[in-house]
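1. Please find the sequence and the predicted model below.
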Amino acid sequence: MNYESTVTVKGQVTIPAEIRKALGLKPGDRVSFGIEDRSVRVRPAKSSLLEGFGAVKLRGGVKDLKRVRRETEDWVAEQALKEL
């Protein structure tokens, strides 16, 4: 099925609801555009955060991560107190 939308003076178009639903797009989501044989392909953009998931291995495991978080929270609290 084909859908139509009008290009605004700013070059914007509305993605029809049926397409947004089929792609699982929600307000604030990013999309990727590609050109194939004079046609445009629209797809959800990959999150750079999700692409990096698992790229960093923790040497000390989760317990070490909890310690680092606690130390960071303590440092932030100390900095906030200094600014008072």
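-> Everything's here; your move. This is a predicted model, so every value here is computed, not measured.

2. What segments of this structure are strands?
-> Per DSSP state E, the chain carries strands over the ranges 31-36, 39-44.

3. Determine which stretch of the ones you listed is the most buried.
-> Stretch with highest mean neighbour count among the strands of the chain: strand 39-44 (a mean of 11; mean count of other CB atoms under 10 Å). Yep, even glycine has a C-beta here, placed from its N, CA and C like the rest.

4. tell me which strands and helices it is in contact with?
-> Using 3 or more CB pairs under 8 Å, 6 or more residues apart in numbering; DSSP states H and E, the elements in contact with strand 39-44 are helix 17-23, strand 31-36.

5. And for residue 16, the neighbour number?
-> Close neighbours of residue 16, defined as other CB atoms under 10 Å, add up to 14.

6. My guess is it contacts residue 6. True?
-> No - counting by CB atoms under 8 Å, residue 16 does not reach residue 6; the two are 11.6 Å apart.

7. CA atoms only for stretch 68-80, dumped as CSV, please.
-> Output in CSV follows, covering the C-alpha atoms of stretch 68-80 (Å, rounded to 0.1, in the frame of the first residue of the first chain):
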residue,chain,number,x,y,z
VAL,A,68,32.4,3.4,41.8
ARG,A,69,28.9,4.8,41.7
ARG,A,70,28.9,5.3,45.5
GLU,A,71,32.2,7.1,45.3
THR,A,72,31.0,9.3,42.5
GLU,A,73,27.8,10.2,44.4
ASP,A,74,29.9,11.0,47.5
TRP,A,75,32.2,13.2,45.4
VAL,A,76,29.2,15.0,43.8
ALA,A,77,27.7,15.6,47.3
GLU,A,78,31.1,17.1,48.5
GLN,A,79,31.2,19.4,45.5
ALA,A,80,27.6,20.6,46.1
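
8. and that stretch, what's its mean pLDDT?
-> For stretch 68-80, mean pLDDT rounds to 93.
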